[in-house]
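Peer 1: Structure, please.
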Amino acid sequence: MARTRKIIKNSVHRALNAIGDRWSQLILEEAFRGVTRFEDFRARTGAPRNTLSTRLRGLVANGILEQRAHREGAARQAYHLTEMGLGLFDSVLIAWCWGIRWDEVSPNGPAGLAHTTCGRSMLPQMICTHCGGDISLHSCSHRPGPGAGFEEMQVTRLHRRRQPAGDDASARPVSDVIDMTGDRWTGMIISTQYFGIHRFDDIQAMLDIATNILTDRLRALVANGVFERRLYEMSPPRYEYWLTKKGKDLYPHALALLLWADRWLADASGPPVEVIHNACGKPVSAAVVCSECRVPLLLDTVTERRPKERAKA
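Peer 2: So this is what the prediction gives:
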């Protein structure tokens with residue numbers, strides 16, 4: 001059920017609202033692999049038929065996919081990435097890179113990536129197009145943009161039900177990037193770290209989030225090694241939440257979503273936040289390149305090694 005919330009304007013929030021939940025993001029991964037037909041999406045994602053229909057309609061309505069007549073017959077519809085949808089390729093590459101680096105590859109995620117231009121195995125890397133320097137959480141700073149302020153946002157399905165406590169699937173409630181961004185509250189909580197928000201009450205105030213939901217998500221992020229707790233008051237014991245090295249490595253993915261949303265979803269007032277690359281002092285203009293040859297990665301120059309192939313290696 002949708003609820004309207006007044007929250008600080010944030011391009012990452014806008015991106016996550018447009019992309020949708022975990023099912024929608026699994027669909028997008030397969031679309032980048034060339035899947036276009038309903039039955040193929042269903043086979044590759046495991047989505048129930050009604051769920052798949054709903055998510056495909058949402059991605060079409062948000063301009064990320066478009067329907068075209070399938071070549072086998074005009075009565076059959078295929079789903080293709082629009083220019084807007086293709087713009088998400090950088091964020092998908094960075095998500096795959098994070099999963100490979102931290103051994104958090106989803107069942108459908110790649111176990112490795114190769115760049116056909118240089119012929120080598122590689123990991124996607126985000127750089128500043130102005131100076132060529134690497135982009136990381138600590139290499140960037142943030143300042144209010146012309147669109148800074150508050151906005152009303154319709155948020156749906158933010159409290160996704162967890163598996164029962166005895167189910168093995170709940171032992172690690174957060175794993176790959178899709179798990180984190182597909183559960184909207186988790187993605188929003190992580191994004192508060194980029195603005196220096198570390199205390200429970202401050203996170204709660206920034207997001208207008210229920211106490212039990214925030215407690216649940218923070219516990220999952222700590223258990224998965226994305227956050228760590230730091231004691232800042234002894235009596236009663238109170239903790240701050242900080243990104244670990246693993247958590248900081250998520251920043252390029254968030255930045256890719258922010259830059260995509262600033263291009264496609266910004267309102268007339270402009271971006272809510274400006275990201276500055278400290279090395280050159282310019283607003284970030286990012287590219288995702290091959291870690292081996294530093295050439296920008298394109299959809300047709302990246303190949304995957306799937307998990308079952310990794311087991312044979």
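Peer 1: Please count neighbours and contacts with C-alpha atoms only from this point.
Peer 2: OK.
Peer 1: Output the below-cut-off pLDDT ranges for the stretch 51-200 of the chain.
Peer 2: In the predicted model, the stretch 51-200 of the chain carries pLDDT under 70 at residues 71-75, 153-175.
Peer 1: Buried residues of the host helix or strand of residue 100, list them for me.
Peer 2: According to DSSP states H and E, residue 100 maps onto helix 89-101. Neighbour counts using 16 or more other C-alpha atoms under 10 Å place 89-100 of helix 89-101 among the buried residues.
Peer 1: before we move on, what about stretch 240-255?
Peer 2: For stretch 240-255, burial by neighbour count (16+ other C-alpha under 10 Å) applies to 240-243, 247-255.
Peer 1: got JSON lines for the residues you listed, with secondary structure and distance to residue 53 too?
Peer 2: Shown next, in JSON lines, are the buried residues of stretch 240-255 (DSSP: H, G, I helix; E, B strand; the rest coil; distance: C-alpha to C-alpha, whole Å):
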{"residue": "240", "secondary structure": "strand", "distance to residue 53": "41"}
{"residue": "241", "secondary structure": "strand", "distance to residue 53": "38"}
{"residue": "242", "secondary structure": "strand", "distance to residue 53": "39"}
{"residue": "243", "secondary structure": "strand", "distance to residue 53": "36"}
{"residue": "247", "secondary structure": "helix", "distance to residue 53": "33"}
{"residue": "248", "secondary structure": "helix", "distance to residue 53": "35"}
{"residue": "249", "secondary structure": "coil", "distance to residue 53": "34"}
{"residue": "250", "secondary structure": "coil", "distance to residue 53": "30"}
{"residue": "251", "secondary structure": "helix", "distance to residue 53": "32"}
{"residue": "252", "secondary structure": "helix", "distance to residue 53": "31"}
{"residue": "253", "secondary structure": "helix", "distance to residue 53": "27"}
{"residue": "254", "secondary structure": "helix", "distance to residue 53": "27"}
{"residue": "255", "secondary structure": "helix", "distance to residue 53": "30"}
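Peer 1: Relative to residue 81, which of the residues you listed is nearest.
Peer 2: Ranked by distance to residue 81 (C-alpha to C-alpha), these are led by residue 253 at 19.6 Å.
Peer 1: Please report how far the closest one lies from residue 181.
Peer 2: 10 Å (C-alpha to C-alpha, to the nearest Å).
Peer 1: What is the burial count for residue 219?
Peer 2: For residue 219, the count of nearby residues is 15 (other C-alpha atoms under 10 Å).
Peer 1: Let me know the pLDDT of it.
Peer 2: At residue 219, the predicted lDDT confidence score is 95.
Peer 1: Now do the buried residues in the helix or strand encompassing it.
Peer 2: Per DSSP H and E, residue 219 falls inside helix 211-223. Along helix 211-223, these residues count as buried under the neighbour rule (16+ other C-alpha under 10 Å): 213-214, 217-218, 220-222.
Peer 1: So which other helices or strands are in contact with the helix or strand following it?
Peer 2: Using DSSP H and E, the helix or strand that follows helix 211-223 in sequence is strand 227-233. The helices and strands touching strand 227-233, judged by 3 or more C-alpha pairs under 8 Å, 6 or more residues apart in numbering; DSSP states H and E, are helix 211-223, strand 238-243.
Peer 1: nearest to residue 235, of the buried residues of helix 89-101?
Peer 2: Distance to residue 235 across these (C-alpha to C-alpha) is lowest for residue 98, with 37.7 Å.
Peer 1: Test my guess that that closest one contacts residue 251.
Peer 2: No. Using C-alpha atoms under 8 Å, residue 98 makes no contact with residue 251, being 10.1 Å away.
Peer 1: on that earlier part again, turn the buried residues of stretch 240-255 into TSV, including distance to residue 140 and pLDDT.
Peer 2: TSV is the format used below for the buried residues of stretch 240-255 (distance: C-alpha to C-alpha, whole Å; pLDDT from 0 to 100):
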residue	distance to residue 140	pLDDT
240	22	97
241	20	98
242	17	98
243	16	97
247	16	96
248	12	97
249	13	97
250	14	96
251	10	97
252	10	97
253	14	96
254	13	95
255	10	97
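Peer 1: what about residue 217, distance to residue 185?
Peer 2: 7 Å.
Peer 1: now do residue 26
Peer 2: Distance, residue 26 to residue 185, by C-alpha to C-alpha: 18 Å.
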